[in-house]
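1. Here is a sequence together with a model predicted from it:
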Amino acid sequence: MSARKAVFGFGTHTGIDDAAELLRATQQADRDGLDLFSLSDHPYFGGRLDAYATLGFVLGRTRHIAGFANVTNLPNRPAPMLARMVTSLSALSEGRVVLGMGAGRFG
């Protein structure tokens with residue numbers, strides 16, 4: 001069995017009022033050499049940033065860290081659109097996007 005590299009990262013809150021702190025924290029994590037940041041996809045909560053818009057924005061403002069939507073809400077993100085979105089983010093960020101999926105819902 002081959003050894004696997006451990007990765008290190010952190011989860012961030014996606015509240016609209018926390019947007020500046022989210023960007024500051026991910027940029028600092030990028031400078032500090034962390035591997036990834038994660039956020040959750042809850043498109044039905046009006047007080048939260050959209051996960052994939054946020055991933056694109058943050059990846060555009062960092063250089064090395066990968067972005068991870070730890071649970072993509074599949075019922076609200078049709079597979080063809082999700083595939084196109086993730087492919088675009090991957091191409092624009094040089095492969096620094098990670099896809100996580102789930103079929104449930106919050107609450």
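-> Nice, I can see it.
2. going forward, measure contacts between C-alpha atoms and count neighbours the same way
-> Will do.
3. Contact partners for residue 32?
-> Under the criterion of CA atoms under 8 Å, 6 or more residues apart in numbering, the contact list for residue 32 is empty.
4. Distance of it relative to residue 25?
-> From residue 32 over to residue 25 the distance is 10 Å, taken as CA to CA, to the nearest Å.
5. got it, and residue 66?
-> 13 Å.
6. swap in residue 38?
-> 12 Å.
7. Residue 5 versus residue 15, what's the distance?
-> 32 Å.
8. and the longest strand seen in the chain, what does it pack onto?
-> Using DSSP state E, we find that the single longest strand of the chain is strand 66-73. On a contact count with 3 or more CA pairs under 8 Å, 6 or more residues apart in numbering; DSSP states H and E, strand 66-73 meets strand 36-39, helix 51-60, strand 97-102.
9. would a markdown table of the ones you listed with mean pLDDT and mean neighbour count be doable?
-> Formatted as a markdown table, the helices and strands packed on strand 66-73 follow (pLDDT from 0 to 100; neighbours: other CA atoms under 10 Å):
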| stretch | mean pLDDT | mean neighbour count |
| --- | --- | --- |
| strand 36-39 | 95 | 23 |
| helix 51-60 | 96 | 19 |
| strand 97-102 | 83 | 16 |
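10. JSON lines for the ones you listed, including distance to residue 73?
-> Shown next, in JSON lines, are these (distance: least, CA to CA, whole Å):
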{"stretch": "strand 36-39", "distance to residue 73": "12"}
{"stretch": "helix 51-60", "distance to residue 73": "10"}
{"stretch": "strand 97-102", "distance to residue 73": "6"}
